[in-house]
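**Student:** What follows is a predicted protein model with its sequence.
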Amino acid sequence: MYVKNRLNPNFGPSTIVRTPDSVPQLKKSLIWSLLFTILTPIWSFRQIFAEVAY
């Protein structure tokens, strides 16, 4: 089970506790989700604005 969790980082919540390299991964995913939540509305707004201006 431990080896399987180490090989597959998306296996479950047990990996967060057991793997030492899961902390930077967690930070990376948090940063990416933040980026997407910030950029997605801006991008959609730009597309709408471009359609209106056109």
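**Tutor:** Happy to help now that I have it.
**Student:** which element is residue 52 on?
**Tutor:** helix 22-53 (DSSP states H and E).
**Student:** Quick one: list the elements packing against that helix.
**Tutor:** In terms of contacts (3 or more C-beta pairs under 8 Å, 6 or more residues apart in numbering; DSSP states H and E), helix 22-53 is packed against helix 14-18. Every C-beta, even on glycine, is put in place using the N, C-alpha and C of the backbone.
**Student:** Please work out the average pLDDT along the helix it packs on.
**Tutor:** Regarding helix 14-18, the rounded mean pLDDT is 51.
**Student:** same question, stretch 39-53
**Tutor:** On average, stretch 39-53 scores 82.
**Student:** buried residues in it?
**Tutor:** Neighbour-count burial for stretch 39-53 flags no residue at all (criterion: 16 or more other C-beta atoms under 10 Å).
**Student:** what about residue 23, neighbour count?
**Tutor:** When neighbours are counted by other C-beta atoms under 10 Å, residue 23 registers 10.
**Student:** and if you look at residue 25?
**Tutor:** 14.
**Student:** now swap in the one 3 residues further on and tell me
**Tutor:** By the other C-beta under 10 Å criterion, the neighbourhood of residue 28 contains 10 residues.
**Student:** Start the count at 28 instead of 1 going forward.
**Tutor:** Taking 28 as the first residue, the last one we looked at is residue 55.
**Student:** For it, give its distance to residue 80.
**Tutor:** Applying C-beta to C-beta, to the nearest Å, the value for residue 55 to residue 80 is 36 Å.
**Student:** How about residue 61?
**Tutor:** Distance from residue 61 to residue 80, by C-beta to C-beta: 29 Å.
**Student:** swap in residue 72?
**Tutor:** 12 Å.
**Student:** Same check on residue 59?
**Tutor:** For residue 59, the distance to residue 80 - C-beta to C-beta - is 30 Å.
**Student:** No more questions from me, cheers.
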